[in-house]
Every structure is written in C-alpha cells, then in structure tokens.
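Student: A structural model of the following input is requested.
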Amino acid sequence: YYGCGWLVRPVGKNGKANYWHNGSLPGTCTYLVRLSIGISYAILFNQRSDDGKNGDSAIDPALGRAASAVTDWPAEDLFKTFK
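Tutor: Numbering: from 1, shown residues only. I've put the predicted structure just below:
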C-alpha cells in the first residue's frame with residue numbers, strides 16, 4: 001500500500017483509508033498523518049531514536065488513538081479564542 005510517496009491503508013469496509021509519510025535524518029524524526037476520519041496531524045522531533053527507546057515510535061499510534069477517541073469536534077475556528 002504505497003501511492004505517490006505516501007503509505008496508504010484501507011480502513012474498514014467504507015472505502016476510506018489512512019495516509020501517512022514519515023522520515024528522519026540524524027537528529028530529526030517526522031510524521032505527517034491524514035486519518036480516515038478527516039483528522040490530520042504532524043509530528044516533529046529534534047531527535048531520532050535508532051533503537052526505539054526514546055519514545056518517538058510510540059507517539060504516532062498514541063495520537064491516532066487520541067484523535068479517534070474524540071466524539072465531538074468544534075464546528076468553528078478556535079484559533080482567535082486562544083491566541
């Protein structure tokens with residue numbers, strides 16, 4: 001499941017999919033994710049763990065679970081409220 005540089009995984013039977021791309025260089029690690037539920041998020045680290053002990057491999061699944069658990073998203077833009 002690879003399409004034009006993105007990893008693509010179908011989710012359920014409704015034809016929707018999760019899309020993501022990750023990458024790293026020495027000292028950096030990044031994830032860009034678009035979930036089938038319409039939520040997108042980006043994660044940027046200023047470190048890279050080659051052995052998985054620094055927690056960077058655990059954050060992506062944790063954020064996916066957190067975003068999927070939200071049942072009521074705001075309908076309006078809240079940026080002006082919290083600037």
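Student: centroid-nearest residue for this protein?
Tutor: For the chain, residue 33 is the residue whose C-alpha lies nearest the centre (Cα atoms, centre = their mean; 3.4 Å).
Student: other SSEs contacting the longest strand seen in the chain?
Tutor: Ranked by residue count and defined by DSSP state E, the top strand of the chain is strand 16-25. Using 3 or more Cβ pairs under 8 Å, 6 or more residues apart in numbering; DSSP states H and E, the elements in contact with strand 16-25 are strand 6-11, strand 28-34, helix 56-69. For every residue, glycine as well, the C-beta is placed using N, CA and C.
Student: now, of those, which is deepest in the fold?
Tutor: strand 28-34 (a mean of 17; mean count of other Cβ atoms under 10 Å).
Student: beyond that one, next helix or strand please.
Tutor: Going down the chain from strand 28-34, the next helix or strand is strand 40-45, by DSSP states H and E.
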